[in-house]
Each structure stands twice: as C-alpha cells, then as structure tokens.
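A.B. asks: okay, here's the prediction I keep looking at, along with the sequence it came from:
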Amino acid sequence: MQPHFTGTCLITDDVPALVGFYAAVLDAEVEGGDPFARVAAPGAALSFFSTQAMESMVSGSMAAASSGGFTLEFEVTDVDDRHERLVARGVEILKPPTTQPWGRRSVWLRDPDGNIVNLYQKA
C-alpha cells in the first residue's frame, strides 16, 4: 500500500494559542488540549504538540527545529468572505485577497508561530 497522508503535527511552545488560531480560521472543533490537541479539516487532521512534551519524549529532537518556516494551504469556498471574518477577529493578514495570473484567488495569514497560512479558492 502506498503511504496515505493523513495530516501534520505542528510542534509549538504554545499549544492553546496555535490550536485556537486554527480552530477559528478553519471553523473547526478542537479535540484535546495541552500538550496535544487536534483540529479536523476535511481530508486530513492538523495536530499540535508542545515543544516541551516532544523533548521529554525524545531528548534533543527539537535542537534544529524552528517555527515560521512553512506554508499550510486550505481550499475555501469564498476567500473574500473568509478574509472579512478573519480581519474582524484581528488575524494578521500578510497578503489581502488577490487573484493570481493562473486564476487562483488567495489570502495569506500568519499564525501565532509565524507560519504562513494560504486560504485559496479555485478559479
């Protein structure tokens, strides 16, 4: 069987802040709490685990890790509506709704750990 991607886990110093951000952005329910929580999104799960708990499981595992080094993408139905709701919640917008030359419309956000979140809709 080919590997089947089921989700990703973000390691963070502040599980409550990060899981709260993604629950709001994705209009999703939170399962769990600190040190481990998850938010289910259609197609995959987004999990959150504390840096301290990770280090207690495998000492030195976070030595070369840093935050803010990747982009997560989520397809949405209406980028502009989602943008308005997130601005009202005080979410940091990096790039306002923009239609790319290839037709995809997207808005970029920054999560509490500095990672970019790309919410997009197909043309």
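C.D. replies: On my side now, so go ahead.
A.B. asks: give me the distance between Gln100 and Phe48.
C.D. replies: Computed as CB to CB, to the nearest Å, the Gln100 to Phe48 distance reads 30 Å. From N, CA and C alone the C-beta is placed, and that goes for glycine too.
A.B. asks: compare these two (neighbour count), which wins?
C.D. replies: Using other CB atoms under 10 Å as the criterion, Gln100 and Phe48 rank with Phe48 on top: 27 against 10.
A.B. asks: hang on, the more buried one packs against Ala17?
C.D. replies: No: assessed by CB atoms under 8 Å, Phe48 is found out of contact with Ala17, at 9.5 Å.
A.B. asks: return the backbone torsion pair for Ser106.
C.D. replies: When read as degrees, to the nearest 10, the backbone of Ser106 gives phi -150, psi 160.
A.B. asks: what segments of this protein are helices?
C.D. replies: Here the chain has its helices, by DSSP state H, at 15-26, 51-57, 79-88.
A.B. asks: and the gap between the closest residue to Val30 other than its chain neighbours and Pro16?
C.D. replies: Using CB to CB, 6 or more residues apart in numbering and skipping the chain neighbours, the partner closest in space to Val30 is Ala23 (5.0 Å). Per CB to CB, Ala23 is found 10 Å from Pro16.
A.B. asks: one more: Gly60?
C.D. replies: 25 Å.
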